[in-house]
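Asker: just to be clear, the model below is a prediction. Sequence and coordinates:
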Amino acid sequence: MSKQSPPTDPPAPAPTAADYYAVNRGGGLFSEALSQHIGARIAVRAYKHRIAPSVLTVLNLGLGCLVSFVVVAAAGPVAEGRVWAWPIGLLALAGWQFAYAFDCADGQLARVTGQTSPAGGRLDVLCDVAVQISLVAALAATAEAQVPDTPAWLLAAFAGTWMVNLVTSVMQSGAQAASMVTSRSLPVRIVKLVRDYGAVIALAGLVLTIAPQWTIWFVGLFTLVNAAFLAASVVFSAREALRG
């Protein structure tokens, strides 16, 4: 008489896009509405093909820097009218958004599948820094090509203050996390779009597509916005420190 093998539990179902989206880290109204949803679908594909979260992190790095390199290389020819602006702008608009979606997907995939690690977190931050440096270089190169007498101090201030968002987002974890405005009402979230990375790079891509000569105004606007947020953050943190 043959021996029956014990019944085995059915395999666990693969996580869905909703499962991945449920663990997203936000980023703002625009990012939650678009970038994080695209990231969740990328995470579904990555899980199916057994792609590690760190691979998605590196894809963010490669795609983001490649697009920025093309924008830098085309800045002069576009300003001189030798190359149409709209294909370069559309490449930037789509390429930077998909790079950001890979950045959203790596964290979602790691959290849902239990693959988070300190090394993976460090890799994620370092790749984000590299991509954003390349993006700042692309916008600065376009601004200077379109307006040759763009002040050097403005480009330097733009590059320096741009990193405020990245630094504060890294600080929004652990025991030191804090927020100046905790309300999640719609009017507040709309105002906060100026600090939503997905929304900001979408605006940058639109400017490069429609009117690259306006890049200097984009640079000036976000230098002011980020400098103001830095100043407000210093005051807020100093007040909290003195209370402690």
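Answerer: Yep, that arrived. Numbering: from 1, shown residues only.

Asker: ok, Pro191 to Asn226 distance?
Answerer: Pro isn't right for residue 191; it's Val. 15 Å (C-beta to C-beta, to the nearest Å). In short, each C-beta sits where N, CA and C put it, glycine included.

Asker: neighbour count for those two, which is higher?
Answerer: Legend: neighbour count by other C-beta atoms under 10 Å for Val191 and Asn226, higher for Asn226 (22 against 12).

Asker: mind listing what's buried in the helix or strand encompassing the more buried one?
Answerer: Per DSSP states H and E, Asn226 falls inside helix 215-243. Neighbour counts over helix 215-243 (16 or more other C-beta atoms under 10 Å) mark Thr215, Ile216, Phe218, Val219, Gly220, Phe222, Thr223, Val225, Asn226, Phe229, Leu230, Ser233 as buried.

Asker: for the nearest residue to Arg111 once chain neighbours are set aside, give me its contacts.
Answerer: Nearest non-adjacent residue to Arg111, counting by C-beta to C-beta, 6 or more residues apart in numbering: Val23, 4.5 Å away. Residues in contact with Val23 (C-beta atoms under 8 Å, 6 or more residues apart in numbering) are Gly107, Gln108, Arg111, Val112.

Asker: show me where the chain dips below the pLDDT cut-off.
Answerer: 1-12, 170-183, 244 (pLDDT under 70).

Asker: can you give me the helices for it?
Answerer: With DSSP state H as the criterion, the chain has helices at 17-22, 29-30, 36-48, 53-79, 85-113, 118-146, 152-171, 186-191, 197-210, 215-243.

Asker: distance of Gly76 relative to Ala52?
Answerer: Look at Gly76 and Ala52: by C-beta to C-beta, they are 39 Å apart.

Asker: if you could redo that for Leu155, that was the one I meant.
Answerer: Counting by C-beta to C-beta, the gap from Leu155 to Ala52 is 37 Å.

Asker: of those two, which one has the most company?
Answerer: Neighbours were counted for Leu155 and for Ala52 using other C-beta under 10 Å; Leu155 has more, 20 against 15.

Asker: which among the buried residues of helix 215-243 gets closest to Thr150?
Answerer: Taking C-beta to C-beta as the measure, Thr150 lies nearest Ile216 of those, at 5.9 Å.

Asker: wait, that closest one sits on Gln146?
Answerer: Yes. Ile216 lies in contact with Gln146 (C-beta atoms under 8 Å); the separation is 6.5 Å.

Asker: still on that earlier bit, packing partners for the helix holding Asn226?
Answerer: The elements that helix 215-243 packs onto, with contact taken as 3 or more C-beta pairs under 8 Å, 6 or more residues apart in numbering; DSSP states H and E, are helix 118-146, helix 152-171, helix 197-210.

Asker: select, out of those helices, the one closest to Leu90.
Answerer: helix 197-210 (5.5 Å).

Asker: picking that back up, got TSV for the buried residues of helix 215-243, with distance to Leu126 too?
Answerer: TSV is the format used below for these (distance: C-beta to C-beta, whole Å):
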residue	distance to Leu126
Thr215	27
Ile216	30
Phe218	26
Val219	25
Gly220	29
Phe222	23
Thr223	24
Val225	25
Asn226	21
Phe229	23
Leu230	22
Ser233	23
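
Asker: distance of the closest residue to Leu34 other than its chain neighbours from Gln132?
Answerer: The shortest distance from Leu34 to any non-neighbouring residue, by C-beta to C-beta, 6+ apart, is to Gly198 (6.3 Å). The gap separating Gly198 from Gln132 is 13 Å, by C-beta to C-beta.

Asker: now Ala119
Answerer: In terms of C-beta to C-beta, Ala119 sits 21 Å off from Gln132.
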